[in-house]
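Chemist: Any chance you could fold what I've pasted below:
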Amino acid sequence: MRIGIDNGISGGLVAISDHDGSYIDGITMPSKRWRSRNEIDVLAVRKWILAVCDGEPSKILSVTIEEPNNSRTPSTAYSVASSFHSLRAMLDIWEIITWHRITPQSWQKVMLPKCKAGDTKPRALALARELWPEESFLASPRCKVPHDGLIDAALIAEFSRRQKL
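Modeler: You can find the predicted model right below:
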């Protein structure tokens with residue numbers, strides 16, 4: 001199994017089969033309120049990882065995390081960087097899981113070739129629907145629009161599988 005993580009508060013986590021790329025499970029990034037902002041709930045992330053691998057982390061071939069890159073505002077840069085380092089620390093301490101960091105450009109170049117700036121979200125959704133037609137990528141049953149974080153996390157996991165990270 002491979003896990004892809006779209007980093008950040010509005011990101012997501014998706015597990016796919018290493019064998020055939022089938023979609024196993026996905027969640028939006030768990031978060032909790034601290035002071036005036038949200039932050040990643042790394043204990044909830046760990047709990048989801050344990051649940052998706054049936055308590056056997058050795059079933060996870062790798063975890064691939066999108067690292068911070070080119071944030072539009074200082075507050076977004078701070079949030080994404082702190083989220084990345086929280087996840088990184090959790091995985092480093094949990095020595096049994098291999099993990100990789102990638103940039104958005106590296107996976108998008110492979111998964112969304114020749115995609116122009118501004119077209120990545122619709123192209124990512126189209127590819128995700130092609131690869132996993134049974135998945136809705138909705139954050140909850142009440143949502144009507146697919147969640148970008150879940151879509152990107154699934155494509156990050158598939159990138160990892162194709163590149164054999």
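Chemist: Which is the succeeding secondary structure element to the longest helix anywhere in the chain?
Modeler: Looking across the chain with DSSP state H, the single longest helix is helix 74-93. Next along the chain after helix 74-93, taking DSSP states H and E as the criterion, comes strand 99-102.
Chemist: which residues sit against that next one?
Modeler: With contacts defined as Cβ atoms under 8 Å, 6 or more residues apart in numbering, strand 99-102 is touched by 62-67, 84, 88, 91, 156, 159-160, 165. (C-beta placed from N, C-alpha, C; glycine too.)
Chemist: continuing past that strand, what's the next helix or strand?
Modeler: Sequence-wise, the next helix or strand downstream of strand 99-102 (DSSP H and E) is helix 104-111.
Chemist: Could you name the helices and strands sitting against that following helix?
Modeler: Contact partners of helix 104-111 among helices and strands, from 3 or more Cβ pairs under 8 Å, 6 or more residues apart in numbering; DSSP states H and E: helix 120-131, helix 148-163.
Chemist: ok and the shortest one relative to helix 104-111, angle-wise?
Modeler: Following axes from the mean of the first three to the mean of the last three Cα atoms, to 10 degrees, one obtains 40 degrees for the angle between helix 120-131 and helix 104-111.
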